[in-house]
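In: Next input, structure requested:
(one chain, ligands or ions: 3)
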Amino acid sequence: MNLKKWSAGVAGVAVIAVVVGMALTSHSTIDPVSPPQAGHFSHDEIARGQQLYQAGDCAVCHTRPGGKRDAGGLALNSPMGAIYSTNITPDPQYGIGGWSFEAFRRAMREGIDREGNHLYPAFPYTAYTHVSDGDLKALYAWLMTRPAVHEAAPETDLGFPFNIRRGIWLWNQLFLDKGPLPVARVPEGLDPARWERGRYLVEGLGHCSACHSPRNLLFAEKGGESHLGGGEVDGWVAPALNAQSPAPHRWQEEDLYQFLKTGYSPRHGATAGPMAPVIKEGTSALAESDLRAIATYIAGLQKDRTDRPLLPVKAIESATLRSTDSEGARLYSGACMACHAQSLGADMHGVRPSLQQATQFHLATPDNAIRAVLDGVTEPASDGLGTMPGFRHNMNDSQVAALLNFIRQQVAGQPTWPDLEQRVRAIRAERH
Ligand code: HEC
Ligand code: HEC
Ligand code: HEC
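Out: Ligands and ions are numbered 1, 2, ... in the order given. This next block holds a predicted model:
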């Protein structure tokens, strides 16, 4: 048999299989209901729903800058184009006011909207699928008792073939593990109930792996050893949280608790990018026991790691202050040390993150550090951290590169980043 014909035949059969599969599994519309009245839900259920809503960061994606809460319209950049979040307020026309609990549960579990259309996995239903029925009910009670916003969110319009939502059926066959999390073994020495609770929150509503896991060519999260092994979002590296964590100090429970509560941990530093809203809208507001449980689970992933030895920072800093022969040292002592040096006095501007311990200077790529220096940190994760000015207009590309490679090598003790100046230029050009 002619090989060409044969492969055409195989391809034909595959296409038929997909089409038939799609036809057999086409999803029905769930009839609209009138929005449930507030008295329909108990006070306790609504309060519990609020906590879950925070654990799930719903508002981070469903509110656009300057827009009304949960009215949608935030553009999420995907390799296929912009995907807009939807209005999830109880407005019957533009929001989910007409959605029964059944319709809401199907969306969260299977990524299918009330009318039976597949939703794009930019909506992290691959994580939310693990949420229990009881928690979904509470979440529904919270959402349905918020003020309705009568406003349409922009429609997502990706190019062919990504505009064919039914194609997501196949993606789900490959990558959606529907329903409760599979049973896993509790690492030795950890409190089982607390660890299970942490795992449920991290892998379910917290959807931490949506940003902290690498993705494959089909935009699905990689599992196994790569799970929580470091990902990317909006040009920022989301560092590994598992045993591959690049942080010089192992993240211990107390560090994680403080970081997820406030955005800062003295042994690690501060959040500088897309993690800030996750903390502000999400983890900072969780019940103490839930936040401790998340910390237990994440610390458990790294518990066999050891700390990396660091150079003596006070000696580096006093040498830097005397140094006049290196451009990087001059820029560092002139522009950064007033707020970052550990050897200098009180904190004048909120916290004083140690740049030696900051994970940003221990990553394989310089992007996070470049973004922090060019744009500063203008929206801290919590009050009291302080802000940092951006140096976009004060330093040129070669100065930023000299400064960052000085910190990288002399302060953090890592090999310099190659082609740093080109990278600074490229990131600077993304804006303006
Ligand atoms: C990472 C961003 C992100 C987060 C976090 C997120 N969503 Fe969404 N959500 C989206 C996007 C994007 C869509 C639209 C997907 C599409 O058009 O295919 C969506 C769609 C939905 C829909 C379908 C609505 C409709 O009209 O079709 C519901 C319901 C929903 N989200 C609820 C939630 C809830 C509840 C939470 C918090 C537990 C949440 N989302 C958190 C991004 C997000
Ligand atoms: C006016 C004080 C101030 C100056 C000057 C300053 N910073 Fe910052 N920087 C801060 C504060 C405060 C934070 C924490 C902000 C937050 O999280 O809200 C921070 C955060 C950072 C972060 C992220 C922290 C982390 O732990 O990952 C980096 C990287 C950083 N600064 C680098 C620099 C560099 C390099 C310079 C010199 C060019 C500099 N900063 C100058 C105050 C300052
Ligand atoms: C929207 C994407 C996103 C989500 C969701 C997210 N993170 Fe992050 N996270 C980041 C990014 C990006 C950074 C690094 C830059 C920064 O500070 O923003 C980060 C930094 C961190 C750090 C500091 C790591 C280090 O070594 O410096 C920890 C710890 C962390 N996240 C934990 C979590 C946990 C736990 C969750 C789930 C509850 C979570 N993150 C959810 C994007 C995300």
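In: Give me the most central residue, this structure.
Out: By Cα atoms, centre = their mean, the chain has its centre lying nearest to residue 211, at 3.9 Å.
In: Would you agree that one is in contact with residue 230?
Out: No. The pair residue 211 / residue 230 is not scored as a contact, 9.6 Å apart, by Cβ atoms under 8 Å. Glycine gets a C-beta too; all of them are placed from N, C-alpha and C.
In: list the residues that contact both of the two?
Out: residue 238 (Cβ atoms under 8 Å, 6 or more residues apart in numbering).
In: tell me which element the residue nearest to residue 359 when sequence neighbours are not counted is part of?
Out: Nearest residue to residue 359 in three dimensions, chain neighbours excluded: residue 247, at 4.6 Å (Cβ to Cβ, 6 or more residues apart in numbering). Residue 247 belongs to no helix or strand when assigned by DSSP states H and E.
In: so residue 264 bridges to which residues?
Out: Note on residue 264: beta-bridge partners by DSSP bridges are residue 270.
In: Can you name the residues that contact it?
Out: For residue 264, the contact set (Cβ under 8 Å, 6+ apart) comprises 258, 270, 271, 351, 353, 381, 382, 385.
In: Report how many residues lie close to the closest residue to the third one other than its chain neighbours.
Out: Ranked by Cβ to Cβ, 6+ apart and with sequence neighbours excluded, the top spatial neighbour of residue 271 is residue 263, at 4.5 Å. The local packing count at residue 263 equals 25, with neighbours defined by other Cβ atoms under 10 Å.
In: how much space between the closest residue to ligand 2 within the chain and residue 165?
Out: Using Cβ to the nearest ligand atom, residue 269 is the residue of the chain that sits closest to ligand 2, at 2.1 Å. Noted for residue 269: a distance of 41 Å to residue 165, by Cβ to Cβ, to the nearest Å.
In: what do you get for residue 412?
Out: On the measure of Cβ to Cβ, residue 412 and residue 165 end up 46 Å apart.
In: Which of the two has more residues huddled nearby?
Out: Set residue 412 next to residue 165 and count neighbours by other Cβ under 10 Å: residue 412 wins out with 23 against 17.
In: just checking, what packs against the helix or strand harbouring residue 104?
Out: Counting by DSSP H and E, the element that carries residue 104 is helix 101-110. For helix 101-110, the packing partners by 3 or more Cβ pairs under 8 Å, 6 or more residues apart in numbering; DSSP states H and E come out as helix 125-128, helix 133-144.
In: Mind checking those for the one nearest to ligand 3?
Out: Closest among these, using Cβ to the nearest ligand atom: helix 125-128, at 9.2 Å.
In: three-state assignment of the spatially closest residue to residue 427 that is not a sequence neighbour?
Out: Leaving out its chain neighbours, the residue that sits closest to residue 427 by Cβ to Cβ, 6+ apart is residue 370, at 5.0 Å. In three-state terms, and counting by DSSP: H, G, I helix; E, B strand; the rest coil, residue 370 is helix.
In: Next, count neighbours for residue 370.
Out: Residues near residue 370, counting by other Cβ under 10 Å, number 24.
In: Ok, residue 314 next?
Out: Residue 314, neighbours per other Cβ under 10 Å, totals 10.
In: One more: residue 217?
Out: Neighbour tally, residue 217, other Cβ under 10 Å: 6.
In: quick one: it from ligand 1, how far?
Out: Per Cβ to the nearest ligand atom, to the nearest Å, residue 217 is found 20 Å from ligand 1.
In: what sits against that residue?
Out: Residue 217 neighbours (Cβ under 8 Å, 6+ apart): none.
In: just to revisit the earlier point, the residue nearest to residue 427 and residue 257, how far apart?
Out: Distance from residue 370 to residue 257, counting by Cβ to Cβ: 29 Å.
In: before we move on, the earlier item: who are the neighbours in contact with the residue nearest to residue 271?
Out: Per Cβ under 8 Å, 6+ apart, neighbours of residue 263: 270, 271, 275, 276, 279, 280, 284, 380, 381, 382, 385.
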